[in-house]
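Engineer: Build me a structure from this.
(2 chains, ligands or ions: 2)
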There are 2 protein chains.
Amino acid sequence: MSKEITSRSEDYSQWYNDLVIKGSLADYSAVRGCMVIKPYGFALWENMRDALDKMFKDTGHVNAYFPLFVPKSLFEAEEKNAEGFAKECAVVTHYRLKSNPDKKGALMVDPEAKLEEELVVRPTSEAIIWNTYKNWIQSYRDLPILINQWANVVRWEMRTRLFLRTAEFLWQEGHTAHSSAQEAVEETVKMLNVYEDFVENWMALPVIKGVKTESERFAGAVDTYCIEALMQDGKALQAGTSHFLGQNFAKAFDVKFSDKENKLDYVWATSWGVSTRLIGALVMAHSDDDGLILPPRIAPMQVVIVPIYKGEDSRAQINAKGQELVNSFKAAGIRVKFDDNDNSRPGWKFAEYEMKGVPVRIAIGVRDLENNVVELARRDTKEKTTVSLDGLTERVSALLTEIQQAIYNKALEYRNSHITKVDTWDQFVETLNGKAGFISAHWDGTAETEEKIKEMTKATIRCIPLDNEQEEGKCVLTGNPSKQRVLFAQAY
Amino acid sequence: MSKEITSRSEDYSQWYNDLVIKGSLADYSAVRGCMVIKPYGFALWENMRDALDKMFKDTGHVNAYFPLFVPKSLFEAEEKNAEGFAKECAVVTHYRLKSNPDKKGALMVDPEAKLEEELVVRPTSEAIIWNTYKNWIQSYRDLPILINQWANVVRWEMRTRLFLRTAEFLWQEGHTAHSSAQEAVEETVKMLNVYEDFVENWMALPVIKGVKTESERFAGAVDTYCIEALMQDGKALQAGTSHFLGQNFAKAFDVKFSDKENKLDYVWATSWGVSTRLIGALVMAHSDDDGLILPPRIAPMQVVIVPIYKGEDSRAQINAKGQELVNSFKAAGIRVKFDDNDNSRPGWKFAEYEMKGVPVRIAIGVRDLENNVVELARRDTKEKTTVSLDGLTERVSALLTEIQQAIYNKALEYRNSHITKVDTWDQFVETLNGKAGFISAHWDGTAETEEKIKEMTKATIRCIPLDNEQEEGKCVLTGNPSKQRVLFAQAY
Ligand SMILES: [Zn+2]
Ligand SMILES: [Zn+2]
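Structural biologist: Ligands and ions are numbered 1, 2, ... in the order given. Below you'll find the predicted structure:
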């Protein structure tokens, strides 16, 4: 194999980077902390985006586009939000470059083109959007506003990881405005459910829905709901968040509406988002030491057909059959590629498509044709079977569905066997150092204890699961009384 | 009517702004020169984007995503390109804000978070992309690279207009790499033809294909091809450009490939783009004093059905028929809305959908139902007809096709009657001050003459049409010998 990747057991973190780079999903760039999303990675993102976009539209949302820049005075209007993002903002201060008189051919910032007010490159768009909603909302008749935006955002992270944490990333951000708290909360939960549906049924990744503690809440939110997934190294990953913002932004931007009784009140808000970070989750959750494993529903290529030529004679015959299969697969809505590239040998191609996580590989040789069969290989289990060409399209279609489910089941089994109930601090530490995963433990409800546990173990409270069972218990650290267990984990 | 718009004859420029704002396409924002694209405008852009994206993919291109920021040292590498964009760059100089000690609740740029190297917000992505291609290209086997990117870009324009010229805009930029000059030129022309196809057949806007003169060329290009359209005020608008970049960027970023004979050479490049500016062209080309006129193929809403209730009795009956029509239209792939909103009267709705340019309006009253008819109104011609409910879906489907063609024909007729051949300077000035439009005139081929004409009349050479007729003549300004006519116009 031409592209060696580090194994998970050797170095999980390097394994991940190898997969992203050698699986052709992304590349490093010349800009600190920013990545290039390569065509294969972007095709994956397009499939994810299109599925989500349809779900948003089916739930009554429309897309719009708001400016990339947020004037500093708007950015600071909602104090908590500003505080939360101030430390990681890219700031535009000038609007022109000029020739550098000291260095031929070089440019320098033109000091005469300093902006009167600095512009923050959006780390999130609540400020610019609520400043706009102010002009759009007068009465309850203007509500609800159910807008989503697909955009790039910038957060100047000090330590970056491809997809998981990059200075610039792509995401969608929903920003809705409502005439009552109840309606806004319902929207928050509705979108959390949309995310759960998408991540579980398209990305084949089981998630736990919950609410964040105060210290893990989105800056400016009243409540942050989240979906949490588990990676193969036992660390958790926040896959999406949906925020009930209360009237915080309406108050900061003075957005009021008159209700049916002509009474003025501040508007209620939500925001919710998922990002290209999901691709990182996808890679970490399902892949193995030979490369990516992609769920068929979002895989850019669901099936690859590799011809095995033996001399020139059979070439035309194999190609004809290959093309026939491609046409039949395409007609059935299957994303398929026939790889008749002469520059590489079948063995190299097999490894390459394994690396790229193509769910099904079909090999056809001349002997196969004589026997009216092909060799079918599943990426997830590596099983190979020889199957008849008769009814192949239906068979492959069913197999893709089966693989989607199998990948989900495997992740679910792993996740479920990595939720450990612990009742003592010893067990807590032992579990973290051993199998890791989610730890279900009692917590006394104080930010102080939460912080102490984080300092001691790097584990944070991932969420308080929705519909959590209420039971009396004692905090795993302090022994103080507690009414319910919460989920701890180390996290990405 | 609730929303008055300025007429074209009164103030063309204000008419345009009124249409954009009152037609719900876009809104001003708090950021200088940046606009908000509203849901209706964004739905229009989505339809345009999806049609173009399919055309790009059908011609072998794939999408990818490159960083928003360009480090200054990369930005300045291709000297002409840098020179061309330096004066309109937004520059990020800092990566953090901090509390302003002098003003409670306010933030300020943290002077300790100054970037070592400034980052330019991309005005176009050749630099960052060719710096990446350097790592992707070694041999002719790595070529061609046929990548497109949908992205936001920023050009700090001093005078901005909604859609036509905004500091931030959305666009697509194709960036391809080839092993020969001929292949790159072919790509340049192929994408020009894709743009022509899209603008003419989807946007119903006839264009002239041509080549730019040196002074109007894209900074860093060897040749800039363009499509030029004509607006209703007789001004031209550049609707898309496709650049043959030669080896300029390959040389600037040292991108070489080894050919089949193992000889090293610099890679050949193209880039091509269209932007949300096209929406400005669309508005200006087709609309009238009552609002937008949108071509059916890209209209967010192709048909609106307005019920005319007379009392409560007939309401259920009309709604049932309305829903039946919606279902039948949707099944036929028609984008339709049934507007049973009680907050506004039919007359208000009629005006509103005229403003928004919905191609076909259907009104149904109780008397209509008794007679098995509806009233059909075309937005483009304002014709109203009473037609049978039998076969209505097919009729509306055909009507949409007819409207698409009629809008194109009208624009074509206008355009063709606004290309004036002139042979003297007097005629040139007279035409410009009179009917305007394109002026076909001889030019001596010098940048000097071109510049003089621009200074005297604000008219520029829009293009040298492709397959231009060669004929001896005398320059319209200097009388010097010329071999062909070129197209002049004042332009947006
Ligand atoms: Zn679930
Ligand atoms: Zn044409």
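Engineer: Not including adjacent chain positions, what is the nearest residue to A:N135?
Structural biologist: Excluding the flanking residues, the one nearest A:N135 by CB to CB, 6 or more residues apart in numbering or on different chains is B:D27, at 7.1 Å. C-beta: built from backbone N, CA, C; applies to glycine.
Engineer: neighbouring contacts of the helix or strand containing the one you found?
Structural biologist: Using DSSP states H and E, B:D27 sits in strand B:26-28. For strand B:26-28, the surrounding residues in contact (CB atoms under 8 Å, 6 or more residues apart in numbering or on different chains) are A:T132, A:N135, B:V20, B:I21, B:M35, B:V36, B:I37, B:K38, B:G41, B:L162, B:F163.
Engineer: Neighbouring strands - and their directions - for it?
Structural biologist: When sheet partners are counted by DSSP bridges, strand B:26-28 sits next to strand B:35-37 (antiparallel).
Engineer: centre of the chain versus the strand it pairs with, how much separation?
Structural biologist: 15 Å (CA atoms, centre = their mean, to the nearest Å).
Engineer: could you redo the contacts of strand B:26-28 as TSV and give each row distance to B:Q317, secondary structure and pLDDT?
Structural biologist: Shown next, in TSV, are the contacts of strand B:26-28 (distance: CB to CB, whole Å; DSSP: H, G, I helix; E, B strand; the rest coil; pLDDT from 0 to 100):
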residue	distance to B:Q317	secondary structure	pLDDT
A:T132	41	helix	98
A:N135	40	helix	97
B:V20	39	helix	98
B:I21	38	helix	97
B:M35	44	strand	97
B:V36	41	strand	98
B:I37	39	strand	98
B:K38	35	coil	98
B:G41	36	helix	98
B:L162	43	coil	97
B:F163	43	coil	98
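Engineer: The closest residue to A:T132 other than its chain neighbours: what's it in contact with?
Structural biologist: Nearest residue to A:T132, sequence neighbours excluded (CB to CB, 6+ apart): B:V36, at 5.5 Å. Counting by CB under 8 Å, 6+ apart, B:V36 touches A:A64, A:Y65, A:F66, A:P67, A:T132, B:A26, B:D27, B:Y28, B:S29.
Engineer: 7 Å - rerun?
Structural biologist: Contact analysis of B:V36 by CB atoms under 7 Å, 6 or more residues apart in numbering or on different chains lists A:A64, A:F66, A:P67, A:T132, B:A26, B:D27, B:S29.
Engineer: For the stretch 301-450 of chain A, just list every one of the strands.
Structural biologist: Using DSSP state E, counting those that start in this stretch, the strands of the stretch 301-450 of chain A run over residues A:303-308, A:336-338, A:360-365, A:373-378, A:384-388, A:419-421, A:438-442.
Engineer: Select, out of these, the one closest to chain B.
Structural biologist: Across the strands of the stretch 301-450 of chain A, chain B has its closest neighbour in strand A:336-338 (12.5 Å, CB to the nearest CB).
Engineer: partners of that closest one, with directions?
Structural biologist: Here strand A:336-338 has these sheet partners by DSSP bridges: strand A:303-308 (parallel).
Engineer: ok, so of the contacts of B:V36, who is nearest B:A77?
Structural biologist: Nearest to B:A77 among the contacts of B:V36: A:P67, at 28.7 Å, using CB to CB.
Engineer: Now that closest one: phi and psi?
Structural biologist: Backbone torsions of A:P67, given as degrees, to the nearest 10, read phi -60, psi 150.
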